[in-house]
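Colleague: This is a predicted model, with the sequence first.
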Amino acid sequence: MADKRRELIEKLLEMQRKFIEYEHEHGLDPKDYYVPDEGHPLHNYRQEYMKTAMELVDLAHQEVGSHR
């Protein structure tokens with residue numbers, strides 16, 4: 001389970017690095033963050049980030065025997 005958690009954390013950190021890099025290079029229009037067009041570098045970013053973060057939360061709850 002620790003390996004899976006580490007993998008998810010690394011994925012989240014890599015997503016954050018790419019997001020920050022994009023923001024520094026191009027600025028950030030709220031439309032591009034909330035409703036980016038198909039093919040935009042941020043397309044599905046928020047959904048994928050949330051899905052991955054919730055998977056990490058679920059693993060943490062599973063590990064300690066609790067639930068959300």
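Modeller: Perfect, I can see it now. Numbers count the residues shown, from 1 in each chain.

Colleague: from here on, contacts and neighbour counts on C-alpha atoms
Modeller: Fine.

Colleague: buried sites along stretch 37-47?
Modeller: By 16 or more other Cα atoms under 10 Å, the buried positions in stretch 37-47 come out as 42, 43, 44, 45.

Colleague: List phi and psi for residue 65.
Modeller: In terms of degrees, to the nearest 10, the main-chain angles of residue 65 are phi 80, psi 20.

Colleague: per-residue pLDDT, it?
Modeller: The score at residue 65 is 86. That number is its pLDDT.

Colleague: one step back: let me have the buried residues of stretch 37-47 in TSV, adding secondary structure as columns.
Modeller: Formatted as TSV, the buried residues of stretch 37-47 follow (DSSP: H, G, I helix; E, B strand; the rest coil):
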residue	secondary structure
42	coil
43	coil
44	coil
45	helix
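
Colleague: What is the nearest of these to residue 4?
Modeller: For those, the minimum distance to residue 4 (Cα to Cα) is 20.5 Å, reached by residue 45.

Colleague: what's the distance between residue 7 and residue 16?
Modeller: Taking Cα to Cα, to the nearest Å as the measure, residue 7 falls 14 Å from residue 16.
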